[in-house]
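*Asks:* pasting a predicted model and its sequence here:
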Amino acid sequence: MLKDISTELPRIEPAVRPGRTAQSKRFLLLLACAQLILLAAAFAQYLVYSPVHAESHKHVIILVCFAASIVFNVFIAGRMTKVSEKEALLAARAAMAEGFAGLAEAMQAQNRDFVRHVEEISRLIEKDRLEELSVYLERMAGKIAAFNDVLKIDNPVIGALLKAKATEADVRRIRLEVDVSASLAGLDAKALDLTRIIGNLINNAFDAVLPLEEQERLVKVDIRRAGPLLRIEVSNRGPVIDAETAARLFEPGYTTKGEGHSGLGLYTVKSLTEKLGGTVEVLPEENGTRFVVTLPSL
């Protein structure tokens, strides 16, 4: 029996907690409201006590109000800059954490897959079942050819993700069909956001088909250009989603999968899609669900 070293790999979880920057933004919003009130008070003072008839202490009040508003303005600008920098840092850390987690999971899946194949080949050789061995090797060759087709995608980051998902699908007995007809070259930094969108949609589809019988587990990924738009479709078989559930799928923390799921996967898809200026929709179908992400030319 070969040792499965995948259990020795640490599981990496994203360390970023959503919501912290939202609290900072609310605080800045309150400061901005206070500034507006202060400016309104200053203008009211100015209108009631015109410079011609006002006493000197009235001028002082007006000047103090305006000076305080300027101080508030400078403070808020500084805070907004720090919050923006913090958001960028958190986003980078989240992306790195997800990348490392995906890499660890892919390594684990590939190791388990390799061990399983070696054990099956050894078993067939020991029992002298050469015809079955020949069929098994042909099937493996077909899967390797499919993996090589995935690697031909002209964006190495997205290609690596799809290859890892193909390996994971094979281990979990899921049929994954990938069709990428669009060029994904030259995306630069946007490739990372696109990878997270695709990865979360595929993860969601995998979770949806796992309760099905093995022969029913089908997930399709289709990436193509529609004029100036990039269209990403991820569909899966499974129970039909009702309209009320579909309307809530992109809410942060909402999940239909029970304990162990954060409910942030589809929320992340929506946030990143809107960041790239696109839209995402869920389309219940007769025998499953289809998610469609439409993005402007990237």
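*Replies:* In hand now; what should we look at? Keep in mind the model is a prediction, meaning the values are calculated, not measured. Residues are numbered from 1 along each chain as shown.
*Asks:* secondary structure class of the closest residue to residue 124 other than its chain neighbours, three-state.
*Replies:* Using Cβ to Cβ, 6 or more residues apart in numbering and skipping residues adjacent in sequence, the residue nearest residue 124 is residue 133, 4.2 Å away. Placement of C-beta: from N, CA and C, glycine included. Secondary structure assignment for residue 133 (DSSP: H, G, I helix; E, B strand; the rest coil): helix.
*Asks:* cool, and the one 5 residues further on?
*Replies:* Assigned by three-state DSSP, the conformation of residue 138 is helix.
*Asks:* so how many other residues sit close to it?
*Replies:* The local packing of residue 138 (other Cβ atoms under 10 Å) involves 9 other residues.
*Asks:* what's the answer for residue 266, then?
*Replies:* Count around residue 266 with other Cβ under 10 Å applied: 22.
*Asks:* that one against residue 197, yeah?
*Replies:* No: look at residue 266 against residue 197 with Cβ atoms under 8 Å: they stay out of range, at 10.2 Å.
*Asks:* not counting sequence-adjacent ones, nearest residue to residue 240?
*Replies:* Counting by Cβ to Cβ, 6+ apart, the nearest residue to residue 240 once its immediate chain neighbours are dropped is residue 284, at 5.1 Å.
*Asks:* do you know how far the one you found is from residue 169?
*Replies:* Using Cβ to Cβ, to the nearest Å, residue 284 is found at 23 Å from residue 169.
*Asks:* neighbour count for those two, which is higher?
*Replies:* Taking other Cβ under 10 Å, residue 284 and residue 169 do not tie; residue 169 has more neighbours (22 against 14).
*Asks:* skipping adjacent residues, who's closest to that one in space?
*Replies:* Distance criterion Cβ to Cβ, 6+ apart; nearest residue to residue 169, sequence neighbours excluded, is residue 176 at 3.8 Å.
*Asks:* run through who's touching whatever helix or strand that neighbour lives in.
*Replies:* Residue 176 belongs to strand 175-180 when assigned by DSSP states H and E. With contact meaning Cβ atoms under 8 Å, 6 or more residues apart in numbering, strand 175-180 is reached by 149-150, 153, 162, 165-166, 169-170, 202, 217-224.
*Asks:* what comes up buried for that strand?
*Replies:* Buried residues in strand 175-180, defined by neighbour count with 16 or more other Cβ atoms under 10 Å: 176, 178, 180.
*Asks:* quick one: secondary structure of residue 186?
*Replies:* Residue 186 - assigned by three-state DSSP - is coil.
*Asks:* and it, how far is that from residue 154?
*Replies:* According to Cβ to Cβ, residue 186 and residue 154 sit 9 Å apart.
*Asks:* also residue 121?
*Replies:* Taking Cβ to Cβ as the measure, residue 121 falls 34 Å from residue 154.
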